[in-house]
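Chemist: Need coordinates for the below:
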Amino acid sequence: MNKPIIPAAFFAAMSFVAESTLAAVTFYDSKAAFDAAASTTLIEDFTSFTPKDTNIFSSITRGIATYTPFAPIHAPNLVVTGVPYTNFGANLNPVTEHVLTTSGDEDILVTFTIGQSAVGFNGYLNGLGPGTVSVFNGSTLLDTLNLDNPVGGALIYVGITSSTPITAFRWTTTDGGILNTAIDNISVSAVPEPATYATLLTGLGLLGFTLWRRRMD
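Modeler: Model prediction:
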């Protein structure tokens, strides 16, 4: 009886699938270091968003990203600030960029319609307590970054790369209802290289053909 021959392309495709299930997440606190590690495109700086300084009573979708508030304290309404804006930590006032915050404590989930290998953004901290950035693939938590939140607040950069596609990140901070925290200047990786998917699809197609031939023999 003839033994089926599994094409090498199939093993390459399966290797890609196996590797993608083991997330290797790296965080960067320097935009220069992040830019050296990943190629990204700015998708949102909130400059063109309207209306500003107005409570948005639902999520906001712009392009491939949706922004959803979750904080239970005060009404969890999203707000894109006008400039200048002064309800931030002493080290930041006045903020002269348009940023995404809320009318209460900030707990904002940012989801993407396309999984990303890299995500970067600016974060504004208030100095009032701990904060985290949680990274997800679907409902699976890939990793969490604990934020250093100095007295008086700080403008930070958060860069994330992952071997498993990032479909969302969550910005969670403390006492934003007293002093705001915020995110801004969100960049993401380009659409994954077509060759990556071509290898996978070719391997799966060849496997299907091999199994079909086996049934016919």
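
Chemist: quick one, strands of the chain?
Modeler: 25-28, 40-44, 60-62, 65-69, 78-80, 100-102, 107-125, 131-137, 140-147, 154-172, 182-189 (DSSP state E).

Chemist: doesn't Gly153 make contact with Gly127?
Modeler: Yes - taking C-beta atoms under 8 Å as the definition, Gly127 is a contact partner of Gly153 at 4.3 Å. Bear in mind the C-beta positions are built from the backbone N, C-alpha and C, glycine included.

Chemist: and stretch 80-88, how far from the chain's centre?
Modeler: Its chain's C-alpha centre lies 23 Å from the corresponding centre of stretch 80-88 when counted by C-alpha atoms, centre = their mean, to the nearest Å.

Chemist: That stretch: end-to-end distance?
Modeler: One end of stretch 80-88 sits 14 Å from the other (C-alpha to C-alpha, to the nearest Å).

Chemist: tell me which residues of it are tucked away?
Modeler: Neighbour counts over stretch 80-88 (16 or more other C-beta atoms under 10 Å) mark Val80, Thr81, Tyr85, Phe88 as buried.

Chemist: Sketch out the low-pLDDT regions of the chain for me.
Modeler: Across the chain, the ranges flagged by pLDDT under 70 are 1-22, 71-76, 190-217.

Chemist: 50 - rerun?
Modeler: Applying pLDDT under 50 to the chain flags the ranges 1-21, 191-192, 196-197, 199-201, 203-204, 207-209, 211-212, 215.

Chemist: Tally up the residues packed near the residue nearest to Thr174 when sequence neighbours are not counted, please.
Modeler: Closest residue in space to Thr174, ignoring its immediate chain neighbours: Gly129 at 2.9 Å, by C-beta to C-beta, 6 or more residues apart in numbering. Number of residues near Gly129 (other C-beta atoms under 10 Å) recorded here: 15.

Chemist: Quick one: closest of the strands of the chain to Pro51.
Modeler: Pro51 lies closest, by C-beta to C-beta, to one member of those: strand 78-80, at 8.0 Å.

Chemist: Can you spell out which helices and strands pack onto that closest one?
Modeler: Applying 3 or more C-beta pairs under 8 Å, 6 or more residues apart in numbering; DSSP states H and E, we find strand 78-80 packed against strand 100-102.

Chemist: please redo it, this time with the cut-off set to 10 Å
Modeler: For strand 78-80, the elements it packs on are strand 65-69, strand 100-102, strand 182-189, judged by 3 or more C-beta pairs under 10 Å, 6 or more residues apart in numbering; DSSP states H and E.
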